[in-house]
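Participant: Need a 3D model of the sequence below.
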Amino acid sequence: MAAIYQQARPHTFAQVVGQEHVKEVLVTAIAKARLGHAYLFSGPRGVGKTTTARLLAMAVNCQAAPSARPCGDCASCRLVRQGSHPDVIELDAASNNSVEDVRDLREKVGLAAALGGTRVWILDEAHMLSRAASNALLKTLEEPPSQLLFVLATTEPEKLPPTILSRCQHFRFRRLSEAEITGKLAQLCQQADVPAEPGALQLVAKAADGAMRDAESLLERLLAIGEITHQAAEEALGLPPQSRLYRLAQHLAARHVGELLSNAAALYQDGFSPRSLCHTLKLTLREALYSKTGLTPDGPSLDLSEAELLRAIHTLDDEDARFVRRDDLFSLEVALIKVLNALSPATVPSSEPQTVPNEAAQPKPVQAIATAPGEAAKLNWRDLLAQAGPQLKAFMMPAQADVAEDRLTLTFPDSHRFHFEQLKRRQAELEELVRSVAGNACIVVIQGPQERFSLRSERDSPKKP
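Facilitator: Numbering: from 1, shown residues only. I've put the predicted structure just below:
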C-alpha cells in the first residue's frame, strides 16, 4: 500500500495528471527564467495544487541546474520529496492565521537560503488567513526579497482580499475527468502487478468526484481488501449494488408498486440508509437520462421518456430535506410513492378537461389553437409537443395547457419551478415553434408559481388597434 502511494506521487510536471494549462505556463517560465514572486493555485481539493507547488520548489532548487525537469537525484530534490528541505517551508493557514504567525513569517523571509537556492513558502488553505494576517502578508508580497517565491493554495479564492489576488499570478486547477483518473489508477495497478476490473476502477473514479488524491486513497482501501473487483469496490465504498439499483429503477418505470417497495425494504434491511438509496437511485436515473439523450450511449436504459426521467429526478431531489428530519424506511417509501405520482399523467385544465400527452401513454389532443381569420392551419397540444426538441419538450411537459382563440397559456405548479424558469429562458425558441406549427402568430403566456409574463413576437404578434 505504501509503495502504491509513493508511486502515485509525481516527481516531474509531466507526471501530474491533467492541468495542462498550468504545467505549460510554469514549464515555460522556468525555462526562460521568468518566474514571478507569488503564485495562487486555486481549485477543488485533491487535484494537484500542493503537488505542483512542491514540484515548482524542486525545479528552482535542483542542484543539477534549475530546470523544468529536475533531476530528482540530487540532495535538494530528495529533501523536497521528503518534506525536509530547509528552504522549502509549508504552512497550513488554518493553524497559522494569527498576526503573530505572519509577522514571524515576515522576519524569516528575509533570511538567506540555507542551501544557496530559492526560498519557497507554500501557504495551504490561504483563504483561512484572518484579515489582520492577510494585511501583514500583503506587505511582504508588495516588497518581496530576492530569491523568494510564494505559492498560495486555496479551495476558495473568492475569500482572499483583492489586494492579495492582484499581486499573485492566479492558476485555476480543474477537476479531473473520470477517464483521467481511471487511466492513472490502471497504471498504478499495473506497476504494482495487481489485477483490477475496469468497472471497479471506473466506480472509484466516479466516487472520487474529480480528485486524484481521493481516488488513490480509495484504491488503497481496495488493496487492503485484497482484490479490485466491481463488487469489492461497491462494498468498500458503501454503495448499494448497481444491479439492485437498476432493478429498483425498472420497477419504478413499470409502476410496479409492490415490487418497488419490497426491493426498497430489502435494501434498507441490508443496512443502506434511505438517504443514500435515494441519492444513488437519482444518479441511476440521471445516467438513464444521459443515455436517452445520447450523452453516454452505454448507460442504463429505462422505459421512461426524457420528461418522465426529469420529473423523477426532480421529485427525488425535493425529498432530500425529508431525510434530514427522518432517515427511516417510511420516509423512503413516501419518496418513492411521490416519484410514482410524478410519473402519472397530469391533467390539462381547459374549457373541457383533457389529458396532457405523455410519451409512455398515447395522449389525447386538447382543444386546437384557433388560427387567425383566413388561415386554414390548426394546432393542437400533441402536435406542438411532437414538433418540439427533446429539451424544450421536457420543459413543456409538466405545464398545464389552456387554449383560447389566439392564445396559448402554460401554467406551472409550485413543484415545477425549475421547468418554468428553463422555459422562460427559451421564450424565443417556444415562439418560433408555435409559429411554425400553427402557421401564424399566437400569443404565448407562461404562468409560474409567483410570476406571470407574456411572450410575444414583436414582428409577428397581432398589434392592438
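Participant: Would you indicate which residues of stretch 67-79 are buried?
Facilitator: 68-71, 74, 76-77, 79 (16 or more other CB atoms under 10 Å). The C-beta positions use only the backbone N, C-alpha and C, and glycine is treated the same way.
Participant: Please narrow those residues to those residing in helices.
Facilitator: Among these, the members found in helices (DSSP state H) are 76-77, 79.
Participant: okay, those residues in a markdown table with distance to Val27 next?
Facilitator: Listed next are these as a markdown table, based on distance: CB to CB, whole Å:
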| residue | distance to Val27 |
| --- | --- |
| Ser76 | 19 |
| Cys77 | 16 |
| Leu79 | 22 |
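Participant: so which of the buried residues of stretch 67-79 comes closest to Leu223?
Facilitator: Cys77 (28.0 Å; CB to CB).
Participant: so what's that closest one up against?
Facilitator: The contact partners of Cys77, taken as CB atoms under 8 Å, 6 or more residues apart in numbering, are 58, 61-63, 70-71.
Participant: closest to Val120 among these?
Facilitator: Of all these, Val120 sits closest to Asn61, with 7.3 Å by CB to CB.
Participant: So that closest one is in contact with Asp87, correct?
Facilitator: Yes: in this structure, Asn61 is within contact of Asp87 by CB atoms under 8 Å, at 6.5 Å.
Participant: between those two, what contacts are shared?
Facilitator: 115, 117-118, 120.
Participant: Could you report the pLDDT at Glu319?
Facilitator: pLDDT, Glu319: 83.
Participant: Identify the spatial nearest neighbour of it, chain neighbours not counted.
Facilitator: Nearest non-adjacent residue to Glu319, counting by CB to CB, 6 or more residues apart in numbering: Ala335, 4.1 Å away.
Participant: now the ones in helices among the buried residues of stretch 67-79 as JSON lines including distance to Glu143 and pLDDT?
Facilitator: Shown next, in JSON lines, are those (distance: CB to CB, whole Å; pLDDT from 0 to 100):
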{"residue": "Ser76", "distance to Glu143": "27", "pLDDT": "90"}
{"residue": "Cys77", "distance to Glu143": "30", "pLDDT": "89"}
{"residue": "Leu79", "distance to Glu143": "28", "pLDDT": "92"}
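Participant: Which of the residues you listed sits closest to Val17?
Facilitator: Among those, and counting by CB to CB, the member closest to Val17 is Cys77, at 20.6 Å.
Participant: and the gap between the closest one and His416?
Facilitator: 59 Å (CB to CB, to the nearest Å).
Participant: re the thing from before, can you tell me which of the shared contacts of Asn61 and Asp87 are in strands?
Facilitator: Val120 (DSSP state E).
Participant: If you rank the shared contacts of Asn61 and Asp87 by neighbours, which is first?
Facilitator: Val120 (25 neighbours; other CB atoms under 10 Å).
Participant: so who does it touch?
Facilitator: 53, 56-57, 60-61, 87-89, 149-151.
Participant: Show me what counts as buried in the strand or helix carrying Arg103.
Facilitator: Under the criterion of DSSP states H and E, Arg103 resides in helix 99-109. When burial is assessed from 16+ other CB under 10 Å, helix 99-109 yields the following buried residues: 99, 101-103, 105.
Participant: that older thread, just give me the closest of the contacts of Val120 to Tyr39.
Facilitator: Tyr39 has its nearest neighbour among the contacts of Val120 in Val151, at 5.0 Å by CB to CB.
Participant: What ranges does the stretch 1-150 of the chain have for its strands?
Facilitator: Chain-ordered strands for the stretch 1-150 of the chain, with DSSP state E, counting those that start in this stretch as the definition, fall at 38-42, 88-92, 119-124, 148-154.
Participant: Among those strands, show the one with the smallest mean pLDDT.
Facilitator: strand 88-92 (a mean of 88).
Participant: Could you pull out the buried residues of that one?
Facilitator: Neighbour-count burial for strand 88-92 flags 88, 90-91 (criterion: 16+ other CB under 10 Å).
Participant: Report the distance from that strand to the chain centre.
Facilitator: Here the centre of strand 88-92 is set off from its chain's centre by 30 Å, with CA atoms, centre = their mean, to the nearest Å.
Participant: tell me the angle of that strand relative to helix 99-109?
Facilitator: 170 degrees (axes from the mean of the first three to the mean of the last three CA atoms, to 10 degrees).
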